[in-house]
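here are the coordinates; sequence isn't available:
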């Protein structure tokens, strides 16, 4: 609401006022000496910066904001970007990725949802009781957003000379006085004003001249700032309520209420008792993260996640590395097809020492003629041809 909406509202207000200033007449001034002719442009430039209205007591109230109000809206647009910038710097990359995956697949009800539950359960189990920093960072950003809202109210009240904070209350029920302009909206943004050039201006040859001016964009200002006043009131109220809500998460009954879900038809456990067990295993940061996850899962899948986290011996059942499945040696990590390709390591595709048929060997040993030809054992080959040239022999 602060970055995406209020930032765009302030920027849109700036562009609207800026467009009106550059594409239409913003002031019309005439002199009482000659009311039929528009005064000189250099006089109008002074009247744009220093128009005034006469108060009941006779004092003058200069409308110094008339010319520079558009740039004030641009400054506020930049101020409302601050919570967004701080929030991005405080992001937990893993939690952000988990929530983005859940949000991207929240509309699915097939096997993908089961996989998301498995991911969320695995992440929470291995990072349980480590999310308090996430909660406090989020709380700090909301507190900063409230400070920005209060600053915006005070800043606009200063710009409008102390008439912005009570603008909506004082203008209600918005009865207008089109004859004398005595209503509060017309007094805050008077459409008609006076402009005086005296000897101090040194443009009227040591005489004093008063111009009557019509400030045409005041009709736009009075409606624009009424909308801004209402929006900032609502924004500050919602921000305060959300900060109170974050504080209430410390209460055990509030934590149980936030994590309660509809009981599926296949469930047997009591939901309230199960959620109470989960709250005992979690800290405030884990409860906040589960509350965020709950918005992206169905009731059945969130119940399944709660069932996994409700085990009182949860920490004793975390997965520990099995010694039997120790990591292999460095030489075994290289797959066979990635071994260095050298002449020594090359082997033919056929077996090096093919098995010998026992029947054939028996016939060969019992044949005197064959033994006389080859007195050596048939498996006793010369060292030169025993291994490396076995494929040639075959």
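Perfect, thanks for sending it. For clarity, every value in this text was computed on a predicted model and none was experimentally measured.

where are the low-confidence patches of the stretch 251-394 of the chain?
For the stretch 251-394 of the chain, the stretches flagged by pLDDT under 70 are 262-269, 311-394.

Starting from residue 32, give me the distance back to the nearest residue in space to residue 11 that is not next to it in sequence.
Closest residue to residue 11 apart from its sequence neighbours, by C-beta to C-beta, 6 or more residues apart in numbering: residue 77 at 4.6 Å. For every residue, glycine as well, the C-beta is placed using N, CA and C. Separation of residue 77 from residue 32 (C-beta to C-beta, to the nearest Å): 41 Å.

Residue 71 is in what secondary structure piece?
Using DSSP states H and E, residue 71 maps to helix 69-79.

Give the buried residues for that helix.
Within helix 69-79, the residues that qualify as buried are 69-70, 72-74, 76-77, 79, counting by 16 or more other C-beta atoms under 10 Å.

Give the next helix or strand downstream of it.
Next helix or strand after helix 69-79 toward the C-terminus (DSSP H and E): helix 82-89.

Buried residues of that next one, list them for me.
82-83, 87.

What is the nearest of these to residue 194?
Closest approach to residue 194 among the buried residues of helix 82-89 (C-beta to C-beta): residue 82, at 39.7 Å.

per-residue confidence for that closest one?
Looking at residue 82, its pLDDT is 88.

Which strand or helix spans residue 28?
Secondary structure (DSSP H and E) places residue 28 in strand 27-31.

which parts of the helix or strand following that strand are buried?
Later in the chain than strand 27-31, the nearest helix or strand by DSSP H and E is helix 41-49. Across helix 41-49, burial judged by 16+ other C-beta under 10 Å covers 43-44, 46-48.

can you map out the helices along the stretch 201-350 of the chain?
Under the criterion DSSP state H, counting those that start in this stretch, the stretch 201-350 of the chain contains helices at 218-248, 252-259, 271-281, 284-294, 299-309, 330-333.

nearest to residue 130, of these?
helix 284-294 (7.3 Å).

Need the residues that contact the closest one.
Outside of helix 284-294, the residues within contact range by C-beta atoms under 8 Å, 6 or more residues apart in numbering are 95, 98-99, 102, 120, 124, 128-136, 138, 246, 249-250, 255, 258-259, 261, 278-279, 282, 302, 305, 309.

Separate out the buried members of those residues.
Buried among these (16+ other C-beta under 10 Å): 95, 98-99, 102, 120, 124, 128, 131, 134-135, 138, 246, 249, 255, 258-259, 261, 278-279, 282, 302, 305, 309.

wait, which of the buried residues of helix 69-79 is closest to residue 157?
Nearest to residue 157 among the buried residues of helix 69-79, with distances taken as C-beta to C-beta, is residue 72, at 11.6 Å.

ok, the closest one - contacts?
65, 155-156, 159.

same question, residue 260
Residue 260 neighbours (C-beta under 8 Å, 6+ apart): 271-272, 275.

for residue 134, same thing?
When contacts are counted by C-beta under 8 Å, 6+ apart, residue 134 touches 92, 95, 285, 288-289.

who wins for neighbours among those?
Among the contacts of residue 134, residue 289 has the most neighbours (other C-beta atoms under 10 Å), with 25 neighbours.

Go ahead and confirm residue 218 touches residue 185.
No. Here residue 218 lies out of contact with residue 185, judged by C-beta atoms under 8 Å, at a distance of 9.6 Å.

Quick one: mean pLDDT for stretch 19-38?
In this model, stretch 19-38 carries a mean pLDDT of 78.

now stretch 227-236
In this model, stretch 227-236 has a mean pLDDT of 92.

Next: stretch 175-182.
On average, the pLDDT along stretch 175-182 is 79.

still on that earlier bit, going by distance to residue 241, which of the contacts of residue 260 wins?
Using C-beta to C-beta, residue 275 comes nearest to residue 241 of these, at 23.7 Å.

List the contacts of that closest one.
Taking C-beta under 8 Å, 6+ apart, one finds 256, 259-260, 306, 310 in contact with residue 275.
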